[in-house]
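Trainee: Based on what follows, work out the 3D shape:
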Amino acid sequence: MKWAPHLLPEDRAEYERLLDEALRTAHDRPELAAIGRRLDRGQLRAMALGAAALISAAAATEYAVYVRVRDEHRRPSGASVVASVLGGHDDGAAPGAGFGVVVTVLTPILAGTAALVLLLLGYVLKMLDPPPQVAGPLLTAGWFFAAVTAAGLLVAAIGLLVTALRNRPAETAVPGARSDELSLARDAWRHALVERGIVPFLREALAERDQVTDQGGLLSTERPRPLPRPSGTGFTGPGLAAPETSAE
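Mentor: Presented below is the predicted three-dimensional model:
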């Protein structure tokens, strides 16, 4: 099976599905009414799978748009929030923004650790009889670092809240707007692939076999001759042979 280089593996099953659907509903199209008399569905399907690269090229523009929109839709919507909290910044942000966020995150951790050690040591010394004079300063320092820890946690929480509120409008628009855009792009690619790729190929395959039958008086078993490039389809015909160009 010859797949187009630009057709991703995840979309090959969709190509086959659209091809099968076109063959199944061929009776609704007068130009495909000859299916079964000249070529059956199995033969046409094999030919269309072999010419997948040429057929899918007829909808290359719509496919490129669909893939781009799909990639954007798959991008995590909350990535900007996480990047902002962990030190990421936009291209226009100040160079020191990342350092400020690191300090905001590390301050509660370091201050909390110092507060825990100083308070624990100070209360242990306080239980001695008589308590050493250093116990009081240790407790004072411990409570100071505990206050710094609380302040750091408060600043970090406010930063998280502000960042989340700043990114909320864009994130709430993603599920609706991006989903609609993705559906439109996918439908446009499917329609172009069927109407400009699959159906014209099937029609030309049947027309070529009709020409062979009319000229020979019977159904020839030889390989069909390549057709000239039809206008607007982007492939040369079921024979898959491109027109020869004379060297200048």
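Trainee: Show me the shaky parts of this structure.
Mentor: By pLDDT under 70, the low-scoring segments of the chain are 1-5, 38, 76-98, 167-177, 209-248.
Trainee: Quick one: the helices in it, in order.
Mentor: Using DSSP state H, the helices found in the chain span residues 9-24, 41-50, 52-57, 60-74, 79-85, 97-126, 135-173, 179-193, 199-216.
Trainee: Any buried residues in stretch 185-202, and which?
Mentor: 185-186, 188-190, 192-194, 196-202 (16 or more other CB atoms under 10 Å). In this view, the C-beta of every residue, glycine as well, is placed from N, C-alpha and C.
Trainee: So for stretch 34-44, first residue to last residue, what's the gap.
Mentor: Distance between the two ends of stretch 34-44: 11 Å, counting by CA to CA, to the nearest Å.
Trainee: Now it: buried residues?
Mentor: With burial defined by 16+ other CB under 10 Å, the residues of stretch 34-44 counted as buried are 34-35, 38-39, 44.
Trainee: if we can go back for a sec, so which of the buried residues of stretch 185-202 comes closest to residue 149?
Mentor: Nearest to residue 149 among those: residue 185, at 50.1 Å, using CB to CB.
Trainee: My read is that the closest one contacts residue 65, right?
Mentor: Yes - here residue 185 reaches residue 65: they are 5.3 Å apart, a contact under CB atoms under 8 Å.
Trainee: quick one on the thing from earlier: now, among the buried residues of stretch 34-44, which is nearest to residue 180?
Mentor: Minimum distance to residue 180 across the buried residues of stretch 34-44 is 34.8 Å, recorded for residue 44 (CB to CB).
Trainee: what's near enough to touch the closest one?
Mentor: Listed by CB atoms under 8 Å, 6 or more residues apart in numbering, the contact set of residue 44 reads 23, 35, 202, 205-206.
Trainee: 6 Å - rerun?
Mentor: residue 202 (CB atoms under 6 Å, 6 or more residues apart in numbering).
Trainee: Could you check how far it is from residue 29?
Mentor: If you measure residue 44 against residue 29 using CB to CB, to the nearest Å, the figure is 13 Å.
Trainee: coming back round to it: out of the helices of the chain, which one sits most buried?
Mentor: helix 52-57 (a mean of 22; mean count of other CB atoms under 10 Å).
Trainee: Packing partners of that helix?
Mentor: If you count contacts as 3 or more CB pairs under 6 Å, 6 or more residues apart in numbering; DSSP states H and E, helix 52-57 packs onto no helix or strand.
Trainee: Now that helix - C-alpha only, CSV.
Mentor: Extracted C-alpha coordinates of helix 52-57, given in CSV (Å, rounded to 0.1, in the frame of the first residue of the first chain):
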residue,chain,number,x,y,z
ALA,A,52,-3.2,6.6,-1.9
ALA,A,53,-0.3,9.0,-2.4
LEU,A,54,-1.8,10.6,-5.5
ILE,A,55,-5.4,10.6,-4.2
SER,A,56,-4.6,12.2,-0.9
ALA,A,57,-2.5,14.9,-2.6
